[in-house]
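K.L.:
Next come a sequence and a model predicted from it.
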Amino acid sequence: MPTVLRQAAEVEFHEELEELAKWDDRERPPSWRLSPWAVATYILGGKLSNGFEVLPKYIGSRRLIEIAISTLATDRALLLLGVPGTAKSWVSEHLAAAISGDSTLMVQGTAATGEESIRYGWNYARLLSEGPTRSALVPSPVLRAMEEGRIARVEELTRTPSDVQDALITILSEKALPIPELNQRVEARKGFSIIATANSRDRGVNELSSALRRRFNTVVLPVPETLEEEVDIVRRRVAALGRVLELPGEPPALEEVRRVVTIFRELREGKTGDKKTRLKSPSGSLSTAEAISVVTSGHALAVHFGDGQARATDLASGLFGAIVKDPVQDRTVLEEYLETVLKEREGWKDLYRACRELL
Amino acid sequence: MSVHVFGIRHHGPGSARGLQAELDRLEPDIVLVEGPPDAEGLIPFCSNKDLVPPVAMLVHVVDDPRRAVFYPLACFSPEWHAMRHSLQHGLPCWFIDLPQANRLAEPVAEASGEPAGDPRTASPRMDPLTYLARAAGLDDGEDWWGRMMEERREASGVFDAVLESMTALRSELAMELDRTEARREAHMRQRIREAQKRGFQRIAVVCGAWHAPALNEMPSAEKDDELLQGLKSVSVTSTWIPWSHDRLSIASGYGAGVVSPGWYRHLFTCSSDVEVRWLARVACLLREKDLDASPAQVIEAVRLAECLAAMRGRPVVGLSELDDAAESVLCQGNPLFLRMVHDRLIVDEVLGRVPAETPRVPLQRDIEKRQKRLHLRAKAEERLQELDLRKETDLERSRLLHRLCLLGIDWGEEQGVRGKKGTFREVWRLRWDPELSIRVIEASVWGSCVEEACETRVRHEARSLKELAELTRLLDRVLLSDLSAVVTDIVQRIDELSAVSVGMLELMDALPPLGKALRYGNVHRTSHELVAPIVDALVARIAVGLPGACASLNDPAATEMLSRLTHVHQTIQLLKQPEHGRIWGQALEKLVRQGGANGLIAGRSARLLLDTRSLSSAEAGVWMRRALSRSVPPAGAAAWIEGFLGGSGLLLLHDLKLWAIIEEWIEELSTERFVEVVPLLRRTFATFAPAERRQLGERVRGSGVAAGARVSRSPSTPFNAGRAAEALPLVAKLLGLELPPGDEPRG
């Protein structure tokens, strides 16, 4: 059992990747570990002809994943857009792991991200002693990806300042990065590409310039389409997380997962599942990722402080935290929801009472 | 002697292309097409260069044009090319389906009043395809067929494969054909036998893929004869009508429709670089909408589409790959952008044309003649046409549009004119729905040219209408259409009806449109003399009947009457006829004098008289005092005030005498009666503008009449001549005047 809390995708799924590589006999683009078809199988899951089962990493539209892989196969950069918690980073990590066998060449975009995280920095001690040499240069993950012909990931691209974003333009159009200090130029090897993710709710923070936008193919990852799809996602992730956290006992029952997901979907969409009642939506995005954490924490609570079975009381506190982001507005939203919807719903009395107690 | 059956998909570009190639190779000596024999006379038109698809063969029952069927044909329809082929090579071409004369004779099964669509959809052809698609690992039969057949760029051997797969399907499913289907296939076989009997050597049969196996294997002729016995028949006629791509799409509800007529047309017309041209067109349309779409992006989109097709294991790039690529590269993942150009791209608004010589109903020819003369083309897409009625052409256009509306051919819809005032402007929203062609045929029962048809129809309608208001509305439209010949008919009818009509409200409702018609008459140059007499008669009737009608009205009835009263008054003001004014004035005066009239009506009448200066302010004061006298119940008095003031306190602000009367009346009220009246008065005064109310309030506070007097007093500030003189030179300069020398400023 690994001691690392969260392993990189290529480590966690190395068995699958190896099996796929063995089985995969189709043509691979230069520097790709797998063929595009095998990458699609890795992401979407499936049974190989030799009986090996590949777990689905992304549950949703096959079409979108195909577009994403084709984009990278035509050496274009890929921009994954979506509201928080729609598996953008998750998909980007697994794509990089399957294509380059390395998902760690990653730049986390923040307001403080500087140009050196995209281009290169200097080891100042060496710079002072040796002058500008290649060994004094600290390559950014992007530069390393270029040199090695791998996939670099830029997370939360719209959070990085615009001038830093612009550093990507040269890289994406010239596929090369000049280093004027050394009078050199790093040219990207075949197989290099960038997967960027951006939050469509944050679009206003540092919106991409049209010059940069044009260099990306955009794929918008939607929230899960149906209740069943979302329940499936939550259930699988909760089970996987439970294994990692070594939580004893059974993962939460399907029925509990379904209830949490139902509440999330109803509040997110602003109407009940039967579309008969209109609801107010809380300020948070209530993503699938949050549903996963609610169920996991409920599971953990039950295991450590309860009888090992995730019950309404164990889930209620997580639900409350996920829904009530704004202490005043969201509270009334939740209260209204409890009173108008949950109270009347057959068999939901326990959850209603548990939530009521927290308000 | 050989029979070659080509199973096609109606409106399939791949089928059409394949069929073209096969026919060229086979060189048949006769072409048989699954189509209605009743419309065989239409085939020769296919070589006419003025017959431009999309068009449809329209077959309808002679006496009842509503019972009609369409056979739409696009430029990518295989049947279209089969017909063209036969014409180009001078071959006979027969339609071999069961005649519509027989099919339309059957009682209508579907309840929907809509003229039924393409009868070819009745076959269960689409459902069985799903079985084949499932076998190929796809969900949708349409999608499967599209991939296998229509998007294929080269088509050798396709028809054999179609025949084989359909034969397998039909034998596997062993589906029971319904009676009509069985008869149709029987009839088709009979015609094939007939062609064989006539000694044709190479017979090409073009039919829907589903029917192909049934025509390939011939059962005994007797059995078919038996099936075809006892057919009823009606008399039908057929013609070409223009069709539109919009109505070829599945989304329009057309069962044999295609998902994207625009894509199919592109597939058919484009022989190379299909995906490049398509994406370039997308980019072009996006640019028209002011969205970025550079050639560099088109290049990337093409690469992505090709890669996607490879990933999905498709031999060629299809529409779904192109859509995905366009959305991801050109539209930055935003499907909204693509939807903006969807109509132009996917549906591809195209309207077909038919040549002038097609057997059309005479009315249709007349309409087309006029459209041509007035440069008003019938187009499928919606557009606005602004007409300036002072111009001769625009006036004629307006008349034509109004006339077509009268005939129920709603090509144009008149829009309220916004921003631009004036009676000489009309704005029309034009859209030629192909279905309108049916309406034209329907309307042709009224006559063979627009004018004649309109007149007959209006006369008929005038006779059947029983409501005066409806008649006046009709008159309104007739006047706008400039159909002077029928005006007298309507006038007589209105005269008749208004004479016997006891409803004063009805009469009063009839007047405003008539008055408007008279006023518009100048622009439309409809003869004045025709309408003026009716208006005269109406005004007279109203004036006579009004006092009686207002004699004892309760409050709700009075309110209703009040609005009519106002409208009639406005109309009379508009017409500016002294005679009208006189008799109307008399009527109003009677209302004021009449003891039993509702206060609301009496008050309003007094006000209207005051406004037209038929009543002096002093006289109005007298009437008001009388209405507010002690003997009148306070509620009635309050109603009188409400009617008199009519939603505005300005009159009271300006006329101090009237103000004084009201003030006096209120002061005289006992406490009890005051309490009774307050809510009523409040209701009246609450409708006034806030500024008016404020001014009225100020006046009350400033002790009534005196306050009003103070305003008119001269300003009390003393005049300082010395300071005024200092400003004089500048004022003089500004005005360009010479100051008299003695007035030089001092000091």
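P.N.:
Arrived safely, thanks for sending.
K.L.:
Isn't B:L681 up against B:A638?
P.N.:
Yes. Counting by C-beta atoms under 8 Å, B:L681 sits close enough to B:A638 to count as a contact (5.5 Å). Where C-beta positions appear, they are placed from N, C-alpha and C, glycine not excepted.
K.L.:
more crowded one of the two?
P.N.:
Using other C-beta atoms under 10 Å in any protein chain shown, the more surrounded residue of B:L681 and B:A638 is B:A638, with 24 against 17.
K.L.:
tell me which element the more buried one falls in.
P.N.:
Assessed by DSSP states H and E, B:A638 sits inside helix B:634-645.
K.L.:
Got the domain ranges for the chain?
P.N.:
You didn't say which chain, so I picked chain A. Domain segmentation of chain A under automatic domain parsing yields A:9-220, A:227-358.
K.L.:
meant chain B, my bad for not saying
P.N.:
According to automatic domain parsing, the ranges for chain B are B:2-252, B:270-347, B:362-446, B:482-591, B:616-706.
K.L.:
Indicate which one of those is closest to chain A.
P.N.:
With C-beta to the nearest C-beta as the criterion, chain A lies closest to domain B:270-347 of those, at 3.2 Å.
K.L.:
do that closest one and chain A meet?
P.N.:
Yes. Domain B:270-347 is in contact with chain A by C-beta under 8 Å from any C-beta of the partner chain, via B:292, B:294, B:296-297, B:300, B:303-304, B:307-308, B:310-312, B:320, B:324-325, B:328-329, B:331-335.
K.L.:
Restricted to helices, list these.
P.N.:
With helices defined by DSSP state H, the entries of the residues of domain B:270-347 next to chain A inside them are B:296-297, B:300, B:303-304, B:307-308, B:310-311, B:320, B:324-325, B:335.
K.L.:
who wins for most neighbours among these?
P.N.:
Most surrounded of these: other C-beta under 10 Å gives B:A325, at 33 neighbours.
K.L.:
which residues pair with the residue of chain A found nearest chain B across the strands?
P.N.:
In chain A, the residue that lies nearest chain B is A:T218 (3.2 Å; C-beta to the nearest C-beta). Per DSSP bridges, the residues bridged to A:T218 are A:L79.
K.L.:
need the contact list for it.
P.N.:
Shown in contact with A:T218 (C-beta atoms under 8 Å, 6 or more residues apart in numbering or on different chains): A:L79, A:L81, B:S328, B:V329, B:C331, B:Q332, B:G333, B:N334.
K.L.:
Of the residues you listed, which is the most crowded?
P.N.:
B:V329 (31 neighbours).
K.L.:
So for that one, what's the nearest residue that isn't a sequence neighbour?
P.N.:
Spatial nearest neighbour of B:V329, chain neighbours left out: B:A301 (4.1 Å); criterion: C-beta to C-beta, 6 or more residues apart in numbering or on different chains.
K.L.:
So which residues on chain B come close to chain A?
P.N.:
B:292, B:294, B:296-297, B:300, B:303-304, B:307-308, B:310-312, B:320, B:324-325, B:328-329, B:331-335.
K.L.:
after the worst-scoring helix or strand of chain B on mean pLDDT comes which helix or strand?
P.N.:
In chain B, the helix or strand scored least confidently by mean pLDDT, DSSP states H and E is helix B:705-712, which has a mean of 44. Moving toward the C-terminus from helix B:705-712, the first helix or strand encountered (DSSP H and E) is helix B:721-735.
K.L.:
packing partners for that next one?
P.N.:
Counting contacts by 3 or more C-beta pairs under 8 Å, 6 or more residues apart in numbering or on different chains; DSSP states H and E, helix B:721-735 is packed against no other helix or strand.
K.L.:
from the chain's centre, how far out does it sit?
P.N.:
67 Å (C-alpha atoms, centre = their mean, to the nearest Å).
K.L.:
So which bits of that helix are buried?
P.N.:
If you call a residue buried by 16 or more other C-beta atoms under 10 Å in any protein chain shown, then helix B:721-735 has no buried ones at all.
K.L.:
all helices for the stretch 201-350 of chain A, in order.
P.N.:
A:210-213, A:227-244, A:254-269, A:288-305, A:312-323, A:329-337, A:349-358 (DSSP state H, counting those that start in this stretch).
K.L.:
which stretch in these has the least confidence?
P.N.:
Ranked by mean pLDDT, the helices of the stretch 201-350 of chain A end with helix A:329-337 at the bottom, a mean of 80.
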